[in-house]
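Q: pasting a predicted model and its sequence here:
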Amino acid sequence: MFSRGPQLIDVMSVFLGRALGLHGKELVQLAGETIRNVSRGVIGISFLRAFVAGAGFLAAGIPAARPRLRTLLLSIKKIGSTILFIPIVVWSWLVMDTGHALMFTAYVVQVGLIDNAFRPLLMARGLTTPMPVILIGIIVDRDERLGARRR
């Protein structure tokens, strides 16, 4: 996604290698692997959420092509798919009987929580960074996004 990424890593490795010795190169490699895993995690979880949401939309009788694509795009942009799910849930309560609408609502809530459950696991896979550090980074990222929306 960033074509000059490997060149930037090489330059930073040389610079920090001279400044910090062997630890500088290790830090640059760890940072590069972490950034790579975070981007893969965001895109991977977005595809998973879109697939699971699309299956639920099809089961509920909602034309699923557009909401599934919008779910994918909103998740990749890190806006969140809740903005899309709320009108669909309201529609389900207006059109479906109570039992089906309740089941669909419970399903959509679970789809919305996929991000919270699987993103830290997917991002930490193959890294030497401790899981609490990754979890704190995700929480800080979410708080910064919420703060940016309020401004």
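A: Arrived safely, thanks for sending. Numbering: from 1, shown residues only.

Q: contacts and neighbour counts: CA atoms only from here.
A: Will do.

Q: where in this protein is pLDDT low?
A: Scanning the chain for pLDDT under 70 picks out the ranges 1-3, 5, 63-65, 123-131, 134-135, 137-151.

Q: which parts of it are helices?
A: 5-20, 22-60, 65-76, 82-95, 98-124, 131-150 (DSSP state H).

Q: what's the closest non-adjacent residue to residue 60?
A: Nearest non-adjacent residue to residue 60, counting by C-alpha to C-alpha, 6 or more residues apart in numbering: residue 104, 7.0 Å away.

Q: test my guess that that neighbour contacts residue 58.
A: No: using C-alpha atoms under 8 Å, residue 104 is not in contact with residue 58; the gap is 11.0 Å.

Q: distance check, the residue nearest the centre of the chain against residue 117.
A: When C-alpha atoms, centre = their mean is applied to the chain, the residue found nearest the centroid is residue 42 (3.5 Å). Using C-alpha to C-alpha, to the nearest Å, residue 42 is found at 12 Å from residue 117.

Q: one more: residue 25?
A: Where residue 117 is concerned, residue 25 sits at a distance of 32 Å (C-alpha to C-alpha).
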